[in-house]
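Student: Have a look at this fold, sequence not included:
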């Protein structure tokens, strides 16, 4: 890899070290991305968040070349597979999708889903939310039932940021009453069971696959635990590279990143550039 290529694909020494390790031994590399905002654009209706076809195709190219490709998402695993068309993309025949922050799993190799039953507390909270929204005088908040979680999206409100701030504390109190937690995101508050996050999911997959170089890409606060885990892996003798799919709405991950790209099209370009390097190296 030339110096210019390294500078383009990773802006930090740690990121460039991971790229070199990935190129030297792709069989022990893990490349994982978040779904919403990373592989798919953020849209007003979460049910319409179809993956960027170029991003998924580029990930498929890497699937032919590295040990493991994965998606780690707050979405249900089945939803991510359907919206991404991940069961129909060349190169993703060995992909792993970890949904609901790692609680759910889909293995492309077998086509099997592992989906535990949702907690009853989620239904209880969902039943209480209309009265809470009415009490707060909020209109335009969209509820997304994710089986094991509920997302409250403020993107369609007249003042999305203001509605988000108004909701934050009452939603936290409601969730706490039912033994649940709240995960903030880009104009969304997600109510879900505590105790599992993307960092846990990433670490478990790294250990399962024996990965030595780890790439993770995300865009939102829900990806922060995975970013911290990826950085911690460096202290354990592995290499890691963090990709941020940047937006004007959220920049909390940028300071932790080894490379910053412009949304899902940027993710597509970055994955394609890495695939070009892998394909260009002599066997």
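Tutor: Arrived safely, thanks for sending. Predicted, not measured: the structure shown is a model, and the values here were computed from it. Residues are numbered from 1 along each chain as shown.
Student: Please enumerate the strands of this structure.
Tutor: Taking DSSP state E as the criterion, the chain contains strands spanning 29-33, 68-72, 96-99, 104-107, 112-114, 142-145, 150-153, 181-185, 188-192, 213-218, 239-245, 259-261.
Student: Give me the helices and strands touching the fourth one, please.
Tutor: Spelled out, that is strand 104-107. Under the contact criterion of 3 or more C-beta pairs under 8 Å, 6 or more residues apart in numbering; DSSP states H and E, strand 104-107 touches helix 77-84, strand 96-99, strand 112-114. No exception for glycine: its C-beta is placed from N, CA and C like everyone else's.
Student: For the ones you listed, give me TSV that also has mean pLDDT.
Tutor: Output for those, formatted as TSV (pLDDT from 0 to 100):
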stretch	mean pLDDT
helix 77-84	96
strand 96-99	98
strand 112-114	97
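Student: Among those, show me which one is buried the most.
Tutor: Highest mean neighbour count among the helices and strands packed on strand 104-107 (mean count of other C-beta atoms under 10 Å): strand 96-99, with a mean of 26.
Student: Run me through the strand neighbours of it, direction for each.
Tutor: According to DSSP bridges, strand 96-99 forms sheet pairs with strand 68-72 (parallel), strand 104-107 (antiparallel).
Student: what's the offset of the shortest one from the middle of its chain?
Tutor: The reference is to strand 104-107. The chain centroid and the centroid of strand 104-107 are separated by 14 Å, computed with C-alpha atoms, centre = their mean, to the nearest Å.
Student: who touches that strand?
Tutor: Among residues not part of strand 104-107, those counted as contacts by C-beta atoms under 8 Å, 6 or more residues apart in numbering are 76-78, 80-81, 86, 95-99, 112-116, 148.
Student: quick one: contacts for the residue nearest in space to the middle of the chain?
Tutor: Note on the chain: the residue nearest the mean C-alpha position is residue 34, at 1.7 Å, using C-alpha atoms, centre = their mean. The neighbours of residue 34, taking C-beta under 8 Å, 6+ apart as the test, are 71-73, 198, 217-220, 222-223, 226, 245.
Student: do the same with residue 206
Tutor: Contacts here follow C-beta under 8 Å, 6+ apart; on that basis residue 206 touches 30, 214, 233, 238.
Student: surely residue 189 meets residue 149?
Tutor: No - in terms of C-beta atoms under 8 Å, residue 189 does not count as a neighbour of residue 149; the distance is 10.5 Å.
Student: Give the residue spans of the stretch 151-283 of the chain that score low on pLDDT.
Tutor: Across the stretch 151-283 of the chain, the ranges flagged by pLDDT under 70 are 248-250, 281-283.
Student: Mind splitting this structure into its structural domains?
Tutor: Domain assignment for the chain, taken from automatic domain parsing, gives 3-116+196-280, 120-192.
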